[in-house]
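Enquirer: Fold the following.
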Amino acid sequence: MTDVGFRLNGNSRPAGLVGCLSVAGERWDARFGKLWAASTLSALGSGMATVAAPLYVASRSDDPLVIAAASGVAWLPWLLFALPGGVLADRLDRRRLMVVIDSVRVVALVTLGTAMLAGQAGVPLLYAVLFVANTGEIVFRAASQAMLPAMVPTSRLERANGWLSGGATLTNRMLAGPLGGFLFVLAESIPFLANAGTYAISAVLVALIAGSYRGGGDTGRAAARSMRAEIAAGFRFLLGQRLLRTMAVLIGLLNLTLTAAMAVLVLLATERLGLDSVGYGLLFTSMAIGGLLGAVVGDRLIAWVSPTWTVRVGLLVEAGLHLVLAASTSSWLVGFALFAFGVHGALWGIVFHSLRQRLTPSELHGRVGATALFIAAGGNCAGALLGGAVAGTFGLTAPYWAGFVVALAVSVATWRVFDRPTVAAAYAGSAARQPAPTGAGTS
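Expert: Okay, the predicted model is just below:
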């Protein structure tokens with residue numbers, strides 16, 4: 001129900017929710033079509049509930065701490081369960097695990113919606129359901145990312161990740177907000193029951209995916225090892241891969257500065273840009289449109305400019321965003337900067353996900369992906385706490401100037417890490433190591 005959001009496709013549109021996706025004359029494996037549909041529908045339902053949750057809390061209390069606690073409850077599972085979730089995704093069959101997770105979330109949300117209809121729900125029940133749903137989201141995401149390399153050839157990972165990112169951006173960031181708000185006005189229970197419905201459909205779609213999706217290691221030996229040892233193995237692998245390690249640390253650090261900046265964006269929009277609530281919302285729409293565009297054309301753009309320059313230019317875009325937010329009083333310029341950042345975020349997500357999936361052995365996909373999620377979530381959580389404190393102590397624009405300095409510093413420090421020979425060698429090595437997808441063929 002939350003989106004940790006890594007920053008991080010073709011010309012034709014999806015042919016159907018459960019059929020193959022046809023792109024530029026090619027046909028996706030039907031298994032990927034089901035995974036894409038499940039992910040996209042889940043993102044829509046999660047977005048509606050994410051919008052409705054603070055509205056429900058605000059209708060019951062005007063205490064800022066109580067209202068803000070909804071975000072805390074949503075983020076806390078990412079820090080507590082991201083790493084154990086990765087272990088589960090590597091120990092168990094990933095497809096079955098996703099079905100179980102969605103089923104549990106359906107029960108939790110139906111319970112909440114029914115209690116609302118009966119007038120028996122309260123803020124504590126909402127918090128409990130948010131905690132369960134977001135804990136499930138962590139495991140679900142780790143398992144789905146780990147499944148992807150078994151469904152598509154390594155040469156098409158960028159395109160597949162772009163489709164997944166684009167579907168989630170369209171439904172979660174662009175459609176879910178107004179739809180969730182409208183449904184809440186009709187009845188406060190509807191967004192949560194609708195979310196339960198999307199999870200139920202997701203469970204059915206995932207259950208229909210053919211094949212077994214266990215990690216490729218010795219599952220008997222893995223089950224006998226402690227969870228701490230399994231988590232440590234994922235950390236060791238990520239830390240041992242220079243490109244993946246650098247990108248993961250960059251994402252965590254830049255998420256810290258970005259979340260700190262976003263935490264006080266509403267004040268910047270109203271006090272410096274002179275925007276009302278609609279204008280403030282349109283700033284996020286600009287970023288979402290950029291994210292959707294980046295997801296749609298991402299694989300072709302990355303192939304054109306190369307992954308090396310995708311990462312390097314992205315660092316400059318990051319610095320530019322903070323500079324514009326710190327210095328500009330033009331709402332149009334700020335909107336364009338957020339649009340450009342949305343494109344950059346989608347491209348970075350595609351590059352990082354695809355590189356990680358290429359370089360990571362099958363038996364470690366869940367843990368390495370969960371470790372990256374943990375680092376990203378840590379940056380988000382710390383940034384949410386720091387943004388208001390820095391702005392309150394040093395002034396409204398202080399978080400943006402700090403973000404600009406940090407982005408410039410990491411650009412200089414990591415510029416040479418992503419040189420063309422290093423990235424090309426990583427792609428060549430992964431192509432030699434990765435087996436072809438197994439299971440059902442195209443349809």
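Enquirer: CA only for contacts and neighbour counts going forward, please
Expert: OK.
Enquirer: which stretches of the stretch 51-200 of the chain aren't confidently modelled?
Expert: When residues are selected by pLDDT under 70, those of the stretch 51-200 of the chain lie in 62-74.
Enquirer: how about the helices of it, start to end?
Expert: 64-91, 94-117, 123-147, 157-168, 176-186, 190-207 (DSSP state H, counting those that start in this stretch).
Enquirer: could those helices go into CSV alongside mean neighbour count and distance to residue 321?
Expert: Formatted as CSV, these follow (neighbours: other CA atoms under 10 Å; distance: least, CA to CA, whole Å):
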stretch, mean neighbour count, distance to residue 321
helix 64-91, 21, 25
helix 94-117, 21, 37
helix 123-147, 23, 28
helix 157-168, 25, 21
helix 176-186, 18, 24
helix 190-207, 23, 33
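Enquirer: helix or strand right after the longest helix along the chain?
Expert: For the chain, the longest helix by residue count, based on DSSP state H, is helix 277-327. Downstream of helix 277-327, the next assigned helix or strand under DSSP states H and E is helix 331-359.
Enquirer: Now do the buried residues in that next one.
Expert: Within helix 331-359, the residues scored as buried using 16 or more other CA atoms under 10 Å are 331, 334-359.
Enquirer: Just after that helix, pick out the following helix or strand.
Expert: Following helix 331-359 in sequence, per DSSP H and E, is helix 365-394.
Enquirer: How far off centre is that following helix?
Expert: Computed by CA atoms, centre = their mean, to the nearest Å, the separation of helix 365-394 from the middle of its chain amounts to 13 Å.
Enquirer: May I have the following helix or strand past that helix as PDB, with CA atoms only?
Expert: Following helix 365-394 in sequence order, the next helix or strand is helix 398-414 (DSSP H and E). Provided in PDB are the C-alpha atoms of helix 398-414 (Å, rounded to 0.1, in the frame of the first residue of the first chain):
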ATOM      1  CA  ALA A 398      17.600  24.600   3.600                       C
ATOM      2  CA  PRO A 399      16.600  20.900   2.700                       C
ATOM      3  CA  TYR A 400      16.900  21.800  -1.000                       C
ATOM      4  CA  TRP A 401      20.300  23.400  -0.800                       C
ATOM      5  CA  ALA A 402      21.500  20.400   1.300                       C
ATOM      6  CA  GLY A 403      20.100  18.100  -1.400                       C
ATOM      7  CA  PHE A 404      21.900  20.000  -4.100                       C
ATOM      8  CA  VAL A 405      25.200  19.800  -2.400                       C
ATOM      9  CA  VAL A 406      24.800  16.100  -1.700                       C
ATOM     10  CA  ALA A 407      23.800  15.300  -5.300                       C
ATOM     11  CA  LEU A 408      26.800  17.200  -6.600                       C
ATOM     12  CA  ALA A 409      29.100  15.500  -4.100                       C
ATOM     13  CA  VAL A 410      27.900  11.900  -5.000                       C
ATOM     14  CA  SER A 411      28.100  12.800  -8.700                       C
ATOM     15  CA  VAL A 412      31.800  13.600  -8.400                       C
ATOM     16  CA  ALA A 413      32.500  10.700  -6.100                       C
ATOM     17  CA  THR A 414      30.800   8.000  -8.300                       C
END
